[in-house]
Every structure is written in C-alpha cells, then in structure tokens.
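Novice: just coords:
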C-alpha cells in the first residue's frame with residue numbers, strides 16, 4: 001500500500017463562514033467552488049478546487065485559527081505570485097514575504113479567520 005498524492009486539505013472556520021470563504025478562496029485566490037456532497041451540505045463550510053486537489057473549509061464549533069500549520073498553494077510562476085500578492089494587498093489583506101528558503105519565492109497571508117495560508121511560485 002502506497003500513498004499516491006494529496007486529495008484535499010481542510011481548514012477550520014467558525015459557523016457562518018461561507019460568504020467570507022467564497023470571497024477569500026474563490027474571488028481573491030481564484031479557486032472554483034465545488035458542490036459539497038448532499039450528506040455533508042448541512043454542516044456548513046465550502047469546498048474549492050485548486051488544481052487536482054481541493055481545499056475544504058469546515059465549520060468547527062470551538063474554532064481557533066491555525067497560525068503555524070497551513071496549506072501551501074502553488075502559483076504558476078513569479079509574475080503570477082506578484083499579481084496575486086498585489087490583488088490581496090489591494091483587498092486589504094496583509095501579505096508577508098518570506099525569503100528563508102533560497103531560490104523559493106513565497107508569501108503568507110491569513111484567511112478571514114486567521115488561519116495561515118502560504119503561496120509559492122512554481
């Protein structure tokens with residue numbers, strides 16, 4: 001038995017998060033929302049596709065943001081990363097660049113609930 005890839009990552013959010021999830025992950029990051037299965041739709045949250053994988057925003061009753069653990073999303077090149085950083089900044093989001101890994105351009109941003117999100121140029 002072998003793990004062959006990553007299917008999805010779930011981040012937690014408070015109840016009533018759907019509109020903010022659609023704005024941040026959909027409008028600002030440019031991901032497409034995918035319908036949740038009927039059996040899970042009543043739980044709240046929203047799902048988005050990013051390449052062949054998905055990001056699931058799930059409702060957690062006693063929500064606490066993840067400030068260290070985080071998803072890292074690949075962006076198609078440095079110019080796309082710069083454009084995304086500019087779009088986030090223009091929308092009032094704080095972008096923090098990190099040059100700790102030589103030769104890798106990346107930055108961090110917090111989602112609407114304070115979860116850390118990393119964007120990396122590929």
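Specialist: Noted; the coordinates are in hand. Please read these numbers as outputs of a predicted model, since none were measured by experiment. Numbering: from 1, shown residues only.

Novice: for the rest of this, base every contact and every neighbour count on C-alpha atoms.
Specialist: Noted.

Novice: neighbours of the closest residue to residue 44 other than its chain neighbours, how many?
Specialist: Of all residues not flanking residue 44 in the chain, residue 59 sits nearest, at 6.0 Å (CA to CA, 6 or more residues apart in numbering). By other CA atoms under 10 Å, 20 other residues sit near residue 59.

Novice: what sits opposite residue 59 in the beta ladder?
Specialist: Listed beta-bridge partners, residue 59: residue 13 (assigned using DSSP bridges).

Novice: what's the following helix or strand after the lengthiest helix in the chain?
Specialist: Assignment by DSSP state H gives helix 78-90 as the longest helix of the chain. Toward the C-terminus, helix 78-90 is succeeded by strand 96-98 as the next helix or strand (DSSP states H and E).

Novice: show me what that next one pairs with in its sheet, parallel or antiparallel.
Specialist: For strand 96-98, pairing defined by DSSP bridges yields strand 106-110 (antiparallel).
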